[in-house]
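Asks: coords please:
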Amino acid sequence: MKLAPTSGSLAALVLLCAVSTQAQTADEVVEKHLAALGGRAALEKVTSQVATGAITVSTQMGNISGTVEVSRKAPNKTRSLTVLDLSAMGGTDMVIDQRCDGTAAWVSNSLQGDRDITGDQLQGLLNAYFPSPLMNYRETGGRIELTGKDTFGGRPVHALQYTPKAGPVTKFLIDAETFHIVRSVATINIPEAGGPLEQTSEPGDYRAVDGIQVPFAVTVVNPMQTVSIALSKVEINKALDDAVFAKPAVK
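Replies: Numbering: from 1, shown residues only. Model prediction:
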């Protein structure tokens, strides 16, 4: 004979279901994210990446197009070489060469000159561990918190907050189905820009390259401009000399 559940047992069952659906931890979301990228074993074999493509910068003066090449080498060496076509504005090409050697960073702008990168900007580059800052966050002195659930583009997402040992906090939105990062937000203090700026990055168009998932499109937005990048080629584990990331010697 089956017994009808009492109101108390029903309440307990509902509570148990609620607890089980909320029991997801930050580490569980991180591990599913890493699995979606190809898995820890595959990611640990990735030591470098060179990506090339087209870039569009939207400013108050209009859109500027050009090319971009981004080189990365574990753990946190980066270089981006951007060439913008200013002919529509009556100018010549603007060449922007930004480098981080894992300790210091520097940028050269063919129209605005050269400068060292310091403060939050530098720390943000140092915290951009390759192939993912979420992969070994404990070892680098950071912490991850699961701050809740949200929606992005009509899809459910997990909201994570990454607090590094030093530098700006980054908030990640991770798709609850694909477990890819769909948005990251950080506030960076840039004195030459007048103070703190919130910068949003939205990667997408993930594709498989040599066993790992790579976003072939990214849109970066801050109050000054919107930058859209569409990659055409990504090379994994290409040999890169450390000199690629170093500040060039003064001639």
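
Asks: how many neighbours does residue 127 have?
Replies: By other CB atoms under 10 Å, the residues close to residue 127 number 21. The way it works is simple: take the backbone N, C-alpha and C, and place the C-beta from them, glycine included.

Asks: Could you do the one 4 residues further on as well?
Replies: In terms of burial, residue 131 registers 23 neighbours under the definition other CB under 10 Å.

Asks: ok, now which ones touch it?
Replies: By CB atoms under 8 Å, 6 or more residues apart in numbering, residue 131 lies in contact with 37, 43, 46, 49, 72, 74, 212.

Asks: which phi and psi does it have?
Replies: phi -90, psi -10 (degrees, to the nearest 10).

Asks: coming back round to it: mind listing which of the contacts of residue 131 are in helices?
Replies: 37, 43 (DSSP state H).

Asks: which one of the contacts of residue 131 is nearest residue 90?
Replies: When these are ranked by distance to residue 90 (CB to CB), residue 72 comes first, at 34.8 Å.

Asks: tell me the contacts of the closest one?
Replies: The neighbours of residue 72, taking CB under 8 Å, 6+ apart as the test, are 48-50, 78-79, 130-131.

Asks: looking at this, residue 188 is in a strand?
Replies: Yes: assigned with DSSP: H, G, I helix; E, B strand; the rest coil, residue 188 falls within a strand.

Asks: Run a quick check on it versus residue 169, I expect a contact.
Replies: No: using CB atoms under 8 Å as the test, residue 188 is too far from residue 169 to be in contact (10.4 Å).

Asks: quick one, which of these two is more surrounded?
Replies: More crowded of residue 188 and residue 169, by other CB under 10 Å: residue 188, with 18 against 13.

Asks: Count the neighbours of residue 242 for me.
Replies: Other residues near residue 242 come to 10 when the count uses other CB under 10 Å.

Asks: was I right about it contacting residue 101?
Replies: Yes: using CB under 8 Å, residue 242 is in contact with residue 101, at 7.0 Å.

Asks: Residue 91: neighbour count?
Replies: Neighbours around residue 91, by other CB under 10 Å: 12.

Asks: Name the helix or strand for it, please.
Replies: Following DSSP states H and E, one finds residue 91 outside all helices and strands.
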